[in-house]
Structures are given as structure tokens and as C-alpha cells.
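Participant: sequence below, structure please.
(one chain, ligands or ions: 1)
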Amino acid sequence: MKIAIGNDHAAYEMKAEIVSLLKEHGADVIDMGTNGPESVDYPDFGSRVCNAIISGEADRGILICGTGIGMSIVANKFKGIRAALCGDCFSARMSREHNDSNVLVMGARVIGASVADEITRVWLKTQFEGGRHIIRLDKIRGLEKQ
Ligand code: RB5
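Facilitator: Numbers count the residues shown, from 1 in each chain. Below you'll find the predicted structure:
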């Protein structure tokens with residue numbers, strides 16, 4: 001699986017840990033920055049990751065900023081992106097089973113590295129359930145056309 005990952009200055013350290021985890025899981029990681037503490041604007045990095053998914057360069061994405069809120073607002077502006085801000089494993093699992101989330105968002109100033117690690121593991125391995133949820137996703141796609 002090809003995973004694009006992006007973050008702002010609040011999350012470059014957590015991002016490095018998540019990249020290691022992804023590689024351990026055999027994921028093909030596309031790191032879209034940022035990779036240092038200099039202040040940057042999260043919409044720039046969120047956009048890179050979402051565009052990579054939309055173009056087919058990546059299968060799914062992970063975005064991390066301080067709270068995760070800014071990155072989720074950005075990501076959910078893109079047609080076809082279903083970004084889930086998760087601070088717990090249950091939400092991460094449900095976001096895959098019910099919402100077919102294609103972007104996982106986390107807040108580096110909200111959760112610790114161990115929790116982020118567990119959330120990422122759950123999100124990676126959980127499959128979309130399909131069934132009744134497809135109708136709901138179709139309705140979301142309909143809203144995107146308005
Ligand atoms: C950066 O200071 C911070 O605003 C950003 O990481 C994020 O929390 C925005 O939602």
C-alpha cells in the first residue's frame with residue numbers, strides 16, 4: 001500500500017515515528033514534509049497529500065498537525081477525500097469500517113506517540129465493511145457535486 005504522509009512543524013517528530021511504523025508494516029511511504037521545526041502552513045502539506053491520493057500516486061494518506069483540526073478541515077475540502085480525525089482506536093476502526101476513511105488525521109499536541117502508533121496500526125489493517133455504508137458514501141459523493 002502506498003501511503004502519503006504530511007504534517008506541519010507541530011508534528012514532524014511524531015511523523016518520523018509514524019513513518020518508521022509504516023515501513024515496518026511494508027508500506028510504501030511518500031513523505032511530503034515538513035521535516036523540521038520551522039513554522040509552516042498546514043494547508044500546504046495537507047493539500048500535497050490529498051492531491052497525491054486523488055491523482056492515484058498514493059492509496060491512502062496520513063496527516064498530522066498540532067490538534068489535527070486544521071488538517072481535517074483542509075483534507076475534507078477535497079472531493080473524494082474522507083478524512084477522519086482520530087484520538088482513539090475505536091474511532092480509527094470505525095472510520096475504516098463505516099466511512100472508508102482514506103486519510104487518517106491525528107493531533108501531535110493531543111495524543112502521545114504510543115497512542116498515535118496504535119491508532120495507525122488499527123487504521124492500516126481495518127477494511128471497509130461495504131454493504132449499507134456504500135449508500136451513505138454515495139450520498140456524500142452526491143453532496144460533493146452540489
Ligand atoms: C500550528 O501552531 C497549529 O495551529 C497547527 O499545528 C494545527 O493545530 C492547526 O489546526
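
Participant: how about the residues of this structure near the ligand?
Facilitator: Residues of the chain lying near the ligand by Cβ under 6 Å from any ligand atom: 8, 10, 42, 65-67, 69-70. For glycine as for every other residue, the C-beta is placed from the backbone atoms N, C-alpha and C.

Participant: mind listing the strands for the chain?
Facilitator: Per DSSP state E, the chain carries strands over the ranges 2-7, 28-31, 60-65, 83-85, 103-107.

Participant: now the angle between strand 103-107 and the third one, please.
Facilitator: It stands for strand 60-65. Relative orientation of strand 60-65 and strand 103-107, computed by axes from the mean of the first three to the mean of the last three Cα atoms, to 10 degrees: 20 degrees.

Participant: avg pLDDT for strand 60-65?
Facilitator: The pLDDT scores in strand 60-65 average 98.

Participant: can you give the contact residues for it?
Facilitator: Applying Cβ atoms under 8 Å, 6 or more residues apart in numbering, the contact partners of strand 60-65 are 1-8, 10-11, 14-15, 18, 22, 42, 45-46, 49-50, 52-53, 71-72, 74-75, 83, 102-108, 116, 120.

Participant: and for the shortest one?
Facilitator: Residues outside strand 83-85 that contact it (Cβ under 8 Å, 6+ apart): 63, 68-69, 71-72, 75-76, 91-92, 95, 99, 101-107.

Participant: now with 7 Å?
Facilitator: Strand 83-85 has contacts (Cβ atoms under 7 Å, 6 or more residues apart in numbering) with 68-69, 72, 75-76, 91, 95, 99, 101, 103-105.

Participant: quick one: buried residues of it?
Facilitator: 83-85 (16 or more other Cβ atoms under 10 Å).

Participant: same thing with stretch 28-35?
Facilitator: Neighbour-count burial for stretch 28-35, counted by 16+ other Cβ under 10 Å, picks out 29-34.

Participant: nearest to the ligand among those residues?
Facilitator: Ranked by distance to the ligand (Cβ to the nearest ligand atom), the buried residues of stretch 28-35 are led by residue 34 at 10.7 Å.
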